[in-house]
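Visitor: build me a model from this:
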Amino acid sequence: MSIYVGNLSYEVTQDALTAVFAEYGTVKRVQLPTDRETGRLRGFGFVEMETEAEEAAAIDALDGAEWMGRDMKVNKARPKEDRGSFGGNRGGGGYNRNRY
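Guide: Numbering: from 1, shown residues only. Okay, the predicted model is just below:
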């Protein structure tokens, strides 16, 4: 299981985020996604911890906590949605002039 951490400063580092979460248990991995075009951090990340109990403790303690000038949003990460090849639901409907 993974923890989603949102509203992060663009100046955050993996080491700094690891240190914050390490207060609640063993941190297995930290990911800070970057923008493909600019290489800049995207303002959110993911943290994996050793146990579910450690994750729950970190979520309870850190959700809404102020860090680096921002109020963090911390919760269980949801699985990535499959957006398909066209990036969304562009389903049919609409006017068909050949219908009549």
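Visitor: I'd assumed residue 60 was in a helix, is it?
Guide: Yes - if the criterion is DSSP: H, G, I helix; E, B strand; the rest coil, then residue 60 is within a helix.
Visitor: okay, now it: neighbour count?
Guide: Counted with other C-beta atoms under 10 Å, the neighbours of residue 60 add up to 10. Backbone N, C-alpha and C define where each C-beta goes, glycine included.
Visitor: gap between it and residue 75?
Guide: 10 Å (C-beta to C-beta, to the nearest Å).
Visitor: what about the helices in this structure?
Guide: 14-22, 52-62 (DSSP state H).
Visitor: what is the burial count for the nearest residue to residue 29 once chain neighbours are set aside?
Guide: Ranked by C-beta to C-beta, 6 or more residues apart in numbering and with sequence neighbours excluded, the top spatial neighbour of residue 29 is residue 48, at 4.4 Å. By other C-beta under 10 Å, the residues close to residue 48 number 16.
Visitor: kind regards, and thank you for your time.
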